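J.: I would like the atomic coordinates for the input below:
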Amino acid sequence: MTQQPQTFVRNATGLVRNIGFLDQFLISQSIVNPVLGFVLTALYAPYFFPGAYLPLVFLIGSVPAFAMVVVYSKLSGAMPRSGGDYVWSTRILGPLFGMIQFLFLLGTTVILGGTFASYSAVSIVLTQLLFGLGVTTQNHGLLSSASSLGLTGVGFPVDMLIFLVCFAIVIVGMKLWVWFQRVSFVLYYIVAAIFIGLLITTNPSSIPTLFDNAMRFAGSNATYSGIISQASSGGFSLTGFNLNSTLLAAIPWGFLTFTGFNYGTYLAGETKNAKSSITKALLGSAVLTTIILVGMSFLAYNVFGQSFLNAASYVAATNGASLPVTPTVSLLFSFVNPGVALFLGISFLLIAMLNAMGDIIAMSRMTFAASFDRLLPSKLADVNARFSTPHWAILFISVIWGAWIAILWFAGEISTILNTSLVVPIGYALPLVATLLFYFRRRQLFNQTLGGVREAAIIIFASAVGIAAFGLYIFAETVPISSGIFLGSNLALAFEVVVGFLIAGILIYAISTYSAKRSGIDLSRIYAEIPPE
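T.: Numbering: from 1, shown residues only. Model prediction:
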């Protein structure tokens, strides 16, 4: 008699519930990284959306984050399984939708995380660390090293070395990662307090002198007033308030810092008291991040001047080669003294590494879940007996991550991001499409896991808010504004990338269905059940 294959790869995941509220909160904060997120947004957003008022940009940008807090906390509590939104989306709309969502979210995470965590760890954070130390200690050797890091032949190997350290920590188990995360955050929050303290206490009149002296020592002709004049002569908006630009910038850039704050939900199957821990972690992280971003924006305008922040964004985007280093607000503070430069740099580097680790861990769990459901090769669902980690899934994500780092260094950061940027809002919207339809598509499962009409109304409203926000995200990227078109000449290729992701999802689903059928497995039966713990 032929034995029928079991529904899932095995009867238990093999993962262990060993993380709690604190670790959930810290993984959210490590991926959000509000201080560095503010620094990068203040650098890039003004160029793409001239006249955008950053405090309001961040405040409006938090709206989809709070909508996601509602959806992800409730669904993770209802289905506390590793894999997060992949698990519930496939149970609501089936494996084809789930595979397409899987690819878009994987692409979203690698595009954003690989760029703003791994690539920026060297191109901005480490470069500014060396540059700031060089200026404050009058050491030309450090300035030379900072310049060298901008070269592909030097920066790329250093970037890969940092990434390999991240991979090594993640692959050997949750205990080392948890320890590294907790220790790093002690330093990070101290430095964040110092950074905010500097924003409060720094005399605005000292900034031009600090900047000019640093540029002069570095052998650059750039000056504080010169950057403002350069942007002004280019017809760029330096002051004032433009409502359209502010609204259009709110979701791409105001929300950008929040991206990935919900990734701890991919570890719901490894979380103690998942419903309570995840809800508190997501809400606390979203509230704290909003306060930090809005507050820092007000303070930064006061200290550095809106004109200079906007002008620096313009010059960095249009003529970055004219400056020896990227002109961020953290760079300016690094000129205060060697201690500030050192602690800012080390803290930002550690948090960038934690960002990369958190992304890789989260995506490995999504990969694990898809493999556990037999939608991907079952090998990716293997769990290391010693470390209780899905080691093949981690390796799979890490290879993709490393390839993206190489593309950024060899193909160029800005053009590469723009060519793939439409993947991001689609990736974040797809799980919300599933939850919007949950009550209507799988009412019995909804009632079993979440409750009745009241819960349905809450989920539907929060999902609709999030979908509308990400629709605005797509609109802001593709509709002409005062500076041209956000995607500009990259628009056609960006749409082609989206089509490519769709085709890839359909092909993988077709192959998986065929393979499962040959093995005597009915995929529809798998997705009628919630996976075992």
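J.: CA atoms of the helix or strand in which Tyr47 is found as CSV?
T.: Element membership for Tyr47 (DSSP states H and E) is helix 34-48. Output in CSV follows, covering the C-alpha atoms of helix 34-48 (Å, rounded to 0.1, in the frame of the first residue of the first chain):
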residue,chain,number,x,y,z
PRO,A,34,14.6,56.5,13.6
VAL,A,35,17.8,58.7,14.0
LEU,A,36,19.6,57.4,10.9
GLY,A,37,16.2,57.3,9.1
PHE,A,38,15.7,61.0,9.9
VAL,A,39,19.3,61.8,8.7
LEU,A,40,18.7,60.0,5.3
THR,A,41,15.2,61.4,4.7
ALA,A,42,16.4,64.9,5.5
LEU,A,43,19.1,64.3,2.9
TYR,A,44,17.0,62.9,0.0
ALA,A,45,13.4,64.1,0.4
PRO,A,46,13.9,67.8,-0.2
TYR,A,47,15.4,67.2,-3.7
PHE,A,48,12.6,65.0,-4.9
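J.: show residues contacting the helix or strand that it is followed by.
T.: Using DSSP H and E, the next helix or strand after helix 34-48 towards the C-terminus is helix 54-61. Here helix 54-61 makes contact (CB atoms under 8 Å, 6 or more residues apart in numbering) with 38, 41-42, 45-46, 49, 246-247, 249-251, 253-258, 290, 293-294, 297-298, 300-301, 309. The way it works is simple: take the backbone N, C-alpha and C, and place the C-beta from them, glycine included.
J.: how far off centre is helix 54-61?
T.: 17 Å (CA atoms, centre = their mean, to the nearest Å).
J.: likewise for stretch 23-41?
T.: Distance, stretch centre to chain centre, for stretch 23-41: 9 Å (CA atoms, centre = their mean).
J.: on that earlier part again, between the helix holding Tyr47 and helix 54-61, how many degrees?
T.: 110 degrees (axes from the mean of the first three to the mean of the last three CA atoms, to 10 degrees).
J.: and helix 34-48, which residues are buried?
T.: By 16 or more other CB atoms under 10 Å, the buried positions in helix 34-48 come out as 34-48.
J.: mind listing the helices for the stretch 351-500 of the chain?
T.: Listed in chain order, the helices of the stretch 351-500 of the chain (DSSP state H, counting those that start in this stretch) span 391-411, 413-420, 423-441, 443-449, 453-478, 491-518.
J.: which other helices and strands contact the fourth one?
T.: Packing contacts for helix 443-449, counted by 3 or more CB pairs under 8 Å, 6 or more residues apart in numbering; DSSP states H and E, involve helix 423-441.
J.: swap in 10 Å and give it another go.
T.: For helix 443-449, the elements it packs on are helix 63-78, helix 85-93, helix 423-441, helix 453-478, judged by 3 or more CB pairs under 10 Å, 6 or more residues apart in numbering; DSSP states H and E.
J.: what of the first one?
T.: Here helix 391-411 is seen to pack against helix 95-113, helix 152-171, helix 338-372, helix 413-420 when contacts are counted using 3+ CB pairs under 10 Å, 6+ apart.
J.: out of the ones you listed, flag the one nearest Ile530.
T.: helix 338-372 (11.2 Å; CB to CB).
J.: what about Leu26, which helix or strand?
T.: For Leu26, the host element (DSSP H and E) is helix 21-32.
J.: now the angle between helix 34-48 and that helix, please.
T.: Using the same axes, to 10 degrees: helix 21-32 against helix 34-48 is 30 degrees.
J.: so Val498 sits right up against Thr420, yeah?
T.: Yes - here Val498 reaches Thr420: they are 9.1 Å apart, a contact under CB atoms under 10 Å.
J.: anything in contact with each of the two?
T.: Listed as contacting both Val498 and Thr420 by CB atoms under 10 Å, 6 or more residues apart in numbering are Gly107.
J.: neighbour count: those two, which is higher?
T.: Thr420 (24 against 18; other CB atoms under 10 Å).
J.: ok, now which ones touch that one?
T.: Thr420 neighbours (CB under 10 Å, 6+ apart): 107-108, 110-112, 115, 404, 407, 490, 493-494, 497-498, 500-501.
J.: Thr367: which of those is nearest?
T.: Of the contacts of Thr420, the one sitting nearest to Thr367 (CB to CB) turns out to be Val110, at 12.2 Å.
J.: low pLDDT regions in this protein?
T.: 1-7, 9-12, 479-490 (pLDDT under 70).
J.: quick one: closest of the helices and strands packed on helix 391-411 to Val135.
T.: Nearest of the helices and strands packed on helix 391-411 (CB to CB): helix 338-372, 7.7 Å.
J.: off-centre distance for that closest one?
T.: How far helix 338-372 lies from its chain's middle: 10 Å, per CA atoms, centre = their mean.
J.: quick check: which element contains the closest residue in space to Gly77 that isn't next to it in sequence?
T.: Using CB to CB, 6 or more residues apart in numbering and skipping the chain neighbours, the partner closest in space to Gly77 is Lys275 (3.1 Å). Secondary structure from DSSP H and E places Lys275 in helix 274-304.
J.: surely Ile207 and Pro327 touch.
T.: No - applying CB under 10 Å as the test, Ile207 and Pro327 come out as separate, 11.5 Å apart.
J.: looking at those two, which is more packed in?
T.: A direct count of neighbours by other CB under 10 Å for Ile207 and Pro327 places Pro327 higher, at 24 against 19.
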